[in-house]
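>>> predicted model and sequence follow; I will ask about them next.
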Amino acid sequence: MKKVLLSIVFVGVSLFGITGEDVYKINCASCHAMQGELSPEAKAEMKSMMREATDEERVKLRQQMQERMQNSRKNAPPMLMVSLRLKKMLDGDKEKFVTFVDDYIQNPSQDKGYCMPMAYKRFGVMPPIGKGMNSDERQLVSAWLYDNFKGTWDSSEEAQTCGKGHKGKKKGKCGAGKCGK
């Protein structure tokens, strides 16, 4: 029943010309870039370099990446990364994804979020931008974020955030950024 109601809301709002992408552009794009800063080719090259690098070289590469992020004009993680990570953490369940995003953009907190610890350190917690949206807009943008970004969360990214989980902690939320194992 809930899915039927969501579909009716999406169709009704779409008839008036408002799309999830429109809501994203108006409310999210000023902070969240659509894609990451690296092209897929550059990202593949960077991964290759990381695999072949010594520990000392890896530290330098990470520092260079962090400096690049510091100079970025955006002040939130790329939406592609947010969407893919959230899909991973919610087992790809669209209904859970939409429900989570709808709530989170109204009441964001690090405790209930799924961002990597370094993202919170770099960007902090987002403001409650969803409080300025109506329910239809929140539902549209939440579903669009799920549908628009294809792919899967890169397991090499997960390894940097401890993805193994710790006693009493949610998977990937150790807070240290690395488990060191």
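Arrived safely, thanks for sending.
>>> quick one: low-confidence ranges for the protein?
Scanning the chain for pLDDT under 70 picks out the ranges 1-16, 36-43, 65-74, 154-181.
>>> that one: helices as residue ranges?
Listed in chain order, the helices of the chain (DSSP state H) span 2-15, 20-27, 40-52, 55-70, 79-89, 94-104, 117-123, 135-148, 155-159.
>>> name the helices or strands packed onto the fifth one?
Using 3 or more CB pairs under 8 Å, 6 or more residues apart in numbering; DSSP states H and E as the contact criterion, the secondary-structure elements in contact with helix 79-89 are helix 94-104, helix 135-148, helix 155-159. The way it works is simple: take the backbone N, C-alpha and C, and place the C-beta from them, glycine included.
>>> now do 7 Å
Packed against helix 79-89 by the contact rule (3 or more CB pairs under 7 Å, 6 or more residues apart in numbering; DSSP states H and E) you find helix 94-104, helix 135-148.
>>> which residues are contacting it?
Contacting residues not belonging to helix 79-89 are listed as 28, 32-36, 97, 100, 114, 145-146, 149, 151-153, 172 [CB atoms under 7 Å, 6 or more residues apart in numbering].
>>> now for the helices of the chain, which one comes closest to residue 129?
helix 20-27 (5.6 Å; CB to CB).
>>> now the helices of the chain in a markdown table, with distance to residue 110?
Below are the helices of the chain laid out as a markdown table (distance: least, CB to CB, whole Å):
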| stretch | distance to residue 110 |
| --- | --- |
| helix 2-15 | 28 |
| helix 20-27 | 21 |
| helix 40-52 | 26 |
| helix 55-70 | 19 |
| helix 79-89 | 14 |
| helix 94-104 | 11 |
| helix 117-123 | 5 |
| helix 135-148 | 20 |
| helix 155-159 | 18 |
